[in-house]
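>>> this is the structure alone, sequence omitted:
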Ligand code: FAD
């Protein structure tokens, strides 16, 4: 019996989380406990967003350091390049590498809404693809490779073997980026980011599984081979749904909006948001998604309940709690 093994277990679907850097002292005090709870679930990585223009540089770094030094989970740093010169972007990358961060999500970022894009300096880097290349270049210059001639291996392979690796993910837009100028531009942009050295894509929110699955089909047909992780968010209030839909420039799905509006208590809204995220995650994984990336809004209860209902973490994960009284 000691040697008995379960041969066929449940399908293991990897998952990961996104948090944002705290914007107040009170939020900063709460984040470590949230990260601890998320980390205990065993994600592949926890990513930390970055305020375009560098506004959150120090608080992002602090959250990433917390993940790196206090959990067994890999931290992933979002970085944006809009408005930066080449030299500034290089220094920023160096600073994150010096802090021990080796996993990035390279983004172009957006100018603030009140800034006129035509007049404002967009910076030297016009797209996320150029940032992907710059991250690889900075790392290559920073870590000198050890040239060891091993018999039978070409020189390039030697260089690769002895250089500490960075991994760079990028964003993908199943419903099209709001600024896309033609159908297919988002697939072309993703292909360019892959060519620049990205090894993973994470999607913007989408509200129908079919939108993600059709985008992946189009990307594969165009030659995109990197995994495309669906970004899923349990949305537990109507006001938050309206706000995130506005930010992503998407129409909020009428049925979900109506269900959140009809729910009379926080607990009911929590259940509606969780149920919707579980349905979306189930549909995309059934359709072949390589995992689930959960937007947490710096709260662990909803995302851990989603994972518990998907059977990916033990059902003892905390359910609705008093800390989940979210405002949009
Ligand atoms: P790009 O990939 O460079 O371009 C976006 C789109 O523009 C493309 O899909 C394509 O349609 C078009 N495009 C690309 N290249 C060209 C070109 N050469 N000419 C014309 N059009 C082109 N923002 C933040 O500020 N901080 C964050 O932490 C953050 N995290 C995010 C995480 C995820 C998973 C996602 C999906 C988005 C995130 N964003 C974040 C938002 C992101 O910065 C914006 O969506 C931004 O508008 C585009 O960034 P990008 O990296 O996709 O840009």
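On my side now, so go ahead. Source: prediction; values computed, not measured.
>>> surely residue 308 and residue 314 touch.
Yes. Between residue 308 and residue 314 a contact is recorded at 6.9 Å, counting by CB atoms under 8 Å. All C-beta spots, glycine's among them, are computed from the backbone N, C-alpha and C.
>>> which one of these two is surrounded by more residues?
residue 308 (19 against 10; other CB atoms under 10 Å).
>>> who in the stretch 1-150 of the chain is up against the ligand?
Applying CB under 6 Å from any ligand atom, one finds that the stretch 1-150 of the chain approaches the ligand through 49-50, 52, 78, 80, 105, 107-110, 126-128.
>>> same thing but 5 Å
49, 50, 52, 78, 80, 107, 108, 109, 110, 127, 128 (CB under 5 Å from any ligand atom).
>>> out of those, which one has the lowest pLDDT?
Lowest in pLDDT among those is residue 52, which has 81.
>>> OK, contacts around residue 100?
Residue 100 is in contact with 65, 68, counting by CB atoms under 8 Å, 6 or more residues apart in numbering.
>>> for stretch 178-189, what is the average pLDDT?
Stretch 178-189 shows a mean pLDDT of 89.
>>> what's the answer for stretch 89-103, then?
On average, stretch 89-103 scores 95.
>>> for stretch 261-269, same thing?
For stretch 261-269, mean pLDDT is 96.
>>> counting neighbours, which bits of that stretch end up buried?
263, 269 (16 or more other CB atoms under 10 Å).
>>> can you give me the end-to-end span of it?
Stretch 261-269 stretches 8 Å from its first residue to its last (CA to CA, to the nearest Å).
>>> go on, stretch 177-186?
So stretch 177-186: terminal residues 7 Å apart, CA to CA.
>>> in a markdown table: the residues of the stretch 1-150 of the chain next to the ligand, plus secondary structure and neighbour count.
A markdown table is the format used below for these (DSSP: H, G, I helix; E, B strand; the rest coil; neighbours: other CB atoms under 10 Å):
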| residue | secondary structure | neighbour count |
| --- | --- | --- |
| 49 | coil | 19 |
| 50 | coil | 26 |
| 52 | coil | 20 |
| 78 | strand | 24 |
| 80 | strand | 25 |
| 107 | strand | 21 |
| 108 | coil | 23 |
| 109 | coil | 22 |
| 110 | coil | 16 |
| 127 | coil | 17 |
| 128 | helix | 26 |
